[in-house]
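1. Kindly generate the corresponding structure for this input.
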Amino acid sequence: MKMTFRWYGYDDKNTLDYIRQIPGMTGVVTALYTVPVGEVWPEDEVARLHDYVTSHGLEMEVIESVPVSEDIKLRRGDYKRHIENFKENIRILSRHGVKC
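-> A predicted model of the protein is given here:
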C-alpha cells in the first residue's frame, strides 16, 4: 500500500511541502479542476501538474477522477464524443505515469 494525500492543486492551502512532511507519504491524489467535464485534458497541463508534483519529491500515480459527463451517463447529446475524450484522457494520463 502506498500512502497518498488528497491535494486540490496549486492553490491548495496544504502545500506539497507540507504534505511531503507527513510520515510515510509517497504521493498525492489530484486532478485537473479547470477542464470542463467531457473535454480532453490538455496534455501540457497534465505534464506540468506531474512535473510540479514530482519536483516536490512526491508521486502522482493516481487521479481522483476523470469525470464522466451526464451525456455519457444518460446516453444523450454528445455522449459518443465524450466517450472518445474520456478514453483519450486515460491515454494522456498513462503517458505521464498515472496508473489509476
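2. Which helix or which strand is home to the closest residue to Thr34 other than its chain neighbours?
-> Nearest residue to Thr34, sequence neighbours excluded (Cβ to Cβ, 6 or more residues apart in numbering): Glu45, at 8.0 Å. (C-beta placed from N, C-alpha, C; glycine too.) Secondary structure assigned from DSSP states H and E places Glu45 in helix 43-55.
3. Could you name the helices and strands sitting against that helix?
-> strand 25-30, strand 59-63, helix 79-95 (3 or more Cβ pairs under 8 Å, 6 or more residues apart in numbering; DSSP states H and E).
4. buried residues in the helix or strand that the shortest one is followed by?
-> Moving toward the C-terminus from strand 59-63, the next helix or strand (DSSP H and E) is helix 70-74. By neighbour count, and taking 16 or more other Cβ atoms under 10 Å as the criterion, the buried residues in helix 70-74 are Asp71, Ile72.
5. Next: stretch 78-95.
-> Quick answer for stretch 78-95 (16+ other Cβ under 10 Å): Tyr79, His82, Ile83, Asn85, Phe86, Asn89, Ile92, Leu93.
6. Please report how far the fourth one lies from Met60.
-> Per Cβ to Cβ, to the nearest Å, Asn85 is found 21 Å from Met60.
7. The closest residue to Glu88 other than its chain neighbours: what's it in contact with?
-> Leaving out its chain neighbours, the residue that sits closest to Glu88 by Cβ to Cβ, 6+ apart is Val40, at 5.1 Å. Under the criterion of Cβ atoms under 8 Å, 6 or more residues apart in numbering, the contact partners of Val40 comprise Asn85, Glu88, Asn89, Ile92.
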